[in-house]
Every structure is written in C-alpha cells, then in structure tokens.
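Q: 3D model of this:
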Amino acid sequence: MPLLILGALMIAALAGLFGGWPNERKSALRNGASLAVEAPQILRAGEFFEIWIDIRADRTIEKPTLAISAPYLRNLTVNTVMPGAEEEAYSGGAFTLTYGRLEPGDLLRVKLDGQVNPTLAGGHDGWMELREGDMRLVRVPLELEILP
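A: Residues are numbered from 1 along each chain as shown. Next comes the predicted model:
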C-alpha cells in the first residue's frame with residue numbers, strides 16, 4: 001500500500017499537479033502601451049521565484065510607473081528588482097516603481113526575484129498596472145496559489 005501511495009504521488013507530481021510548469025504570460029494593450037507579466041501561479045512555501053515584466057510604449061510615456069498591488073506581494077520577500085527604479089513608493093494600495101521616459105517603440109523589461117515566506121499558505125489575487133504619473137494606462141490581473 002505505501003508503494004501505491006508513493007507511486008500515485010509521483011505520477012501526480014510528474015503531471016504537474018503540484019506546480020513546476022512554465023510560468024503563464026498575461027498581457028494587455030490599452031492607452032498606447034502594453035504590459036506583459038510572466039509570473040508563477042503556483043509556488044510552495046519557501047520557494048524562490050522570478051517575475052518578468054515587459055512594458056512597451058506605443059506613444060511617449062513621460063513618467064512610466066509600474067504599480068503592484070499590495071495584496072499580491074503580501075508575505076512575499078522581493079530580493080531584487082532590475083533595473084532599479086528612479087523612484088520607489090507606496091500609493092493607493094500598491095507599491096510603485098517609477099522609471100525614466102519611454103519613447104514610441106521602447107521596451108522596458110523588469111525582473112523581480114523573490115521568495116515565498118514560509119508562513120504563507122493558500123493564495124491571493126492581485127494585479128500589476130502601468131501608470132503614467134497617477135493615471136492608469138493598462139492593468140493585468142494576477143493570481144497566486146501557495147502550497148505547503
């Protein structure tokens with residue numbers, strides 16, 4: 001019986017039922033800009049992760065600001081953000097990273113490295129959005145499930 005249970009768990013793991021598949025890429029285009037986010041949807045407590053964010057300008061964006069909802073980052077430790085933002089702040093329920101001016105056709109690629117805090121279990125929803133100053137240009141919804 002123990003071998004049967006172990007075999008079933010191994011098959012479930014190989015099928016990806018416990019995570020481990022490539023990150024989903026979510027994107028949206030609106031107001032002269034596109035935002036694409038490649039982020040894990042399932043992680044385990046204590047696991048390291050990467051999030052890739054692509055911001056493409058179809059018009060000039062004077063003050064591109066990436067906003068990440070606070071609930072999405074709750075109990076996640078962000079170790080690195082590359083490239084570093086010109087300004088970092090918290091505003092309107094979101095952590096914000098403000099970068100330099102983008103011209104039409106420019107691509108800003110941001111990478112976040114982090115780790116799930118061991119106490120986090122369950123999941124939460126959130127979003128990332130691109131703002132120009134305080135005006136929202138485009139938003140991408142995000143979901144994250146944390147397994148023990």
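
Q: all strands in the protein, in order from the N-terminus.
A: For the chain, the strands defined by DSSP state E occupy 24-30, 33-39, 42-44, 48-57, 64-69, 76-82, 87-91, 94-98, 107-116, 122-132, 135-147.

Q: Against which helices or strands is the shortest one packed?
A: Packed against strand 42-44, as judged by 3 or more C-beta pairs under 8 Å, 6 or more residues apart in numbering; DSSP states H and E, are the following elements: strand 135-147. For every residue, glycine as well, the C-beta is placed using N, CA and C.

Q: where in this protein is pLDDT low?
A: In the predicted model of the chain, residues 12-21 satisfy pLDDT under 70.

Q: just the strands of the chain: most buried one?
A: Among the strands of the chain, strand 64-69 has the highest mean neighbour count (mean count of other C-beta atoms under 10 Å), at a mean of 23.

Q: Show me how far it is from its chain's centre.
A: Taking C-alpha atoms, centre = their mean, to the nearest Å, the mean C-alpha location of strand 64-69 is offset from the chain mean by 11 Å.
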